[in-house]
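*Asks:* Compute the structure for the input listed below.
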Amino acid sequence: MMTRHPLVTAAIIPALLLAGCNFAPAYRTPVSVAIPPSFKEAPGWKIATPSDAVARGEWWRLFNDDTLNDLERRVLVSNQNLASAKAAYDQARALVREERAALFPVVSLQGQGNRSGSFGNSAATIGTSGTSGSLVSLGIGATWEPDLWGAIGNAVSQNKALAQASAGDLINATLSAQGELALDYVQLRGIEAQKLALDQTVADYTRALTITVNMYNAGVSARSDVLQAEVALRNAKADAADLIRQRAILEHAIAVLVGESASTFSLPAGKWNRVVPEVPAILPSTLLERRPDVAAAERRVAAANAGIGIQKAAFFPTISLSGQAGSTATSVAGLFDAASTVWSLGLTGLLTLLDFGARSARVDQARAGYEQAVATYRQTVLTAFQQVEDQLAATDILRTVSDERAAAAVAADRAEVIARNQYVAGQVGYAAVIVAQTTALAARTSDIQAVTNRQTAAISLVQAIGGHWSTPLALPSGP
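*Replies:* Sure, this is the predicted structure:
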């Protein structure tokens, strides 16, 4: 029966008893800011019950646009920024598994075999001719560094928190890509609507130029009227061409978001929808539970807190235990003969006695890193509330702006018709027609832009509140 050396036993037992000691400060979620009972810029913001699809995070379905729904699905599959964020998250999870493996012994198996001999007579083997021999060995060993002071455990906790932060980054990148696509899409459809309005204006200006030329040929209109009508028509055509450019840029941006080449992607023209979805309200107290960037920032605070424990552990000795058993024989069959088996146990300790403040400096760095993470977390929270308040104000005010722009467009259209009829009747000069036409075109464009602005504000509000309504955001608990 094998007897363990008393010194080895005396070293192992305290190591096992002390394993799991943790010098990291007790972690508490940092206090951010005072949470108000309601949002300041939210008068009339109504609590609503969205559909099941919207509650799961498919908020773009509020626009009731099948093309947008299809594009959003393609973002999740093909967007390369999301693929990069997903790879970063997978990498962080793998690092947690690697750190966790350090808590356990490393076991290795080693085997060796050789055969040696000599040719004829040699100085080393005088009197021997053609001698040879075999030697084989097999050994198994293990090394283990007990986590006496929690350095490895804190490294696991740190990397686990960083993996959770990476998951928050992935969710935030997803929300950002989905929001950017929706913003580009509604702006593209708004530009298409402006282009249709401008095409109608070009047709009207063409008829107006024809009328003016006929009146000039009849001697009842001045040459200057013809030139003014031509200027208005050419400016309208130039504006229409520029809208084509703007649409092309947005189409290219959408191509990148869905993971396609801008050279091959094409988005057919579609019907412009004036619908502006009502974003279901949330309470300020739930905002911090819904925003993925806030969740990621909080997890980085936890990781920085664990980092303090890692650096503090450097002040204490590290102990490594090792054991090995092996057998050496002249044949494979002889390896299993008890007489040829040897074993050993080892204990190694290391304590840094003097480093001229290097360890203290690393602890100070870790503490400063923690304070930096706390400050970043609080700033993220403040930014989250700012963004919600900004978009609530925009949503409320742009509703009034859109109503006024729509009424102005109706009035401007009527004024244009009246001015044109008066000109044909000889009651006013062509300058009045130009003024009415310019005003009407600007009013129609502003009406469309106002609706588009309301739609973009609604999308930005969805992003600001975290993009879902079902349950608070829950990051993965482990790799």
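*Asks:* Need the nearest residue in space to Thr438, chain neighbours excluded.
*Replies:* Leaving aside its sequence neighbours, Thr438 sits nearest to Ala232 (CB to CB, 6 or more residues apart in numbering; 7.2 Å). (Glycine included, C-beta is placed from N, CA and C.)
*Asks:* Give the next helix or strand downstream of the helix or strand containing that neighbour.
*Replies:* According to DSSP states H and E, Ala232 maps onto helix 223-257. Next helix or strand after helix 223-257 toward the C-terminus (DSSP H and E): helix 284-290.
*Asks:* contacts for that next one?
*Replies:* By CB atoms under 8 Å, 6 or more residues apart in numbering, the surrounding residues in contact with helix 284-290 are 32, 35-39, 282, 294-295, 381, 384-385, 388, 465-468, 472-473.
*Asks:* for stretch 137-149, same thing?
*Replies:* With contact meaning CB under 8 Å, 6+ apart, stretch 137-149 is reached by 15-16, 18-23, 102-113, 152-153, 312-313, 316-329, 335.
*Asks:* Restricting to C-alpha, output that stretch in CSV.
*Replies:* What follows is stretch 137-149, C-alpha atoms only, in CSV (Å, rounded to 0.1, in the frame of the first residue of the first chain):
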residue,chain,number,x,y,z
SER,A,137,8.4,3.9,-20.8
LEU,A,138,4.8,5.1,-20.1
GLY,A,139,3.9,7.8,-17.6
ILE,A,140,0.8,9.8,-16.5
GLY,A,141,1.1,13.1,-14.7
ALA,A,142,-1.1,15.8,-13.4
THR,A,143,-0.5,19.4,-12.3
TRP,A,144,-2.9,21.6,-10.4
GLU,A,145,-2.8,25.1,-9.1
PRO,A,146,-5.4,25.5,-6.4
ASP,A,147,-7.3,28.8,-6.6
LEU,A,148,-6.4,29.8,-3.0
TRP,A,149,-7.1,33.5,-3.4
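*Asks:* who's in contact with Pro25?
*Replies:* 305, 308-309.
*Asks:* ok, so of these, who is nearest Gly190?
*Replies:* The shortest approach to Gly190 among these belongs to Asn305, at 47.4 Å (CB to CB).
*Asks:* Show me the helices in the chain, by range?
*Replies:* Under the criterion DSSP state H, the chain carries helices at the ranges 6-18, 52-55, 66-78, 80-101, 151-217, 223-257, 284-290, 292-312, 358-424, 430-464.
*Asks:* what's the most buried one of these?
*Replies:* helix 292-312 (a mean of 24; mean count of other CB atoms under 10 Å).
*Asks:* So what sits opposite Gly349 in the bridge?
*Replies:* Counting by DSSP bridges, Gly349 forms beta bridges with Ile319.
*Asks:* so how many other residues sit close to it?
*Replies:* Number of residues near Gly349 (other CB atoms under 10 Å) recorded here: 9.
*Asks:* I'd say it and Leu321 touch.
*Replies:* No - using CB atoms under 8 Å, Gly349 is not in contact with Leu321, being 10.1 Å away.
*Asks:* quick one: average confidence on the helix holding Ala232?
*Replies:* Helix 223-257 shows a mean pLDDT of 94.
*Asks:* Glu278 versus the residue nearest to Val276 when sequence neighbours are not counted, what's the distance?
*Replies:* Excluding the flanking residues, the one nearest Val276 by CB to CB, 6+ apart is Arg454, at 4.5 Å. Separation of Arg454 from Glu278 (CB to CB, to the nearest Å): 11 Å.
*Asks:* hmm, back to that, so of the contacts of stretch 137-149, which ones are in strands?
*Replies:* Residues from the contacts of stretch 137-149 lying in strands, with DSSP state E as the criterion: 106-113, 318-329.
*Asks:* In ChimeraX, how would I select the buried members of the residues you listed?
*Replies:* Selecting only the buried members of those in ChimeraX, with burial defined as 16 or more other CB atoms under 10 Å, works like this:
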select :318,319,321,322,323,324,326,327,329
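*Asks:* where's the residue lying closest to Leu198 once chain neighbours are set aside relative to Arg234, distance?
*Replies:* Closest residue to Leu198 in three dimensions, ignoring its sequence neighbours and counting by CB to CB, 6+ apart: Ala240, at 4.6 Å. Ala240 sits 11 Å away from Arg234, taking CB to CB as the criterion.
*Asks:* rewinding a little: packing partners of the helix holding Ala232?
*Replies:* helix 66-78, helix 151-217, helix 430-464 (3 or more CB pairs under 8 Å, 6 or more residues apart in numbering; DSSP states H and E).
*Asks:* I'd like to know which of the ones you listed lies nearest to Glu98.
*Replies:* Glu98 lies closest to helix 151-217 among those, at 8.2 Å (CB to CB).
*Asks:* Could you tell me the end-to-end distance of stretch 348-366?
*Replies:* Stretch 348-366 has its terminal residues 28 Å apart, counting by CA to CA, to the nearest Å.
*Asks:* Let me fix that, I meant to ask about stretch 67-86.
*Replies:* 26 Å.
*Asks:* Off-centre distance for it?
*Replies:* 12 Å (CA atoms, centre = their mean, to the nearest Å).
*Asks:* again, but for stretch 314-322
*Replies:* 40 Å.
*Asks:* Put the alpha carbons of it into CSV.
*Replies:* Only the C-alpha atoms of stretch 314-322 are listed here, as CSV (Å, rounded to 0.1, in the frame of the first residue of the first chain):
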residue,chain,number,x,y,z
ALA,A,314,-1.1,38.6,-6.5
PHE,A,315,0.0,39.6,-3.0
PHE,A,316,-0.4,36.0,-1.8
PRO,A,317,1.7,33.0,-2.7
THR,A,318,0.8,30.6,-5.5
ILE,A,319,1.0,26.9,-4.9
SER,A,320,1.2,24.2,-7.5
LEU,A,321,0.7,20.5,-6.9
SER,A,322,2.0,17.9,-9.2
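*Asks:* Use 48 as the first number from now on
*Replies:* Happy to do that; since the first residue is 48 now, the last one works out to stretch 361-369.
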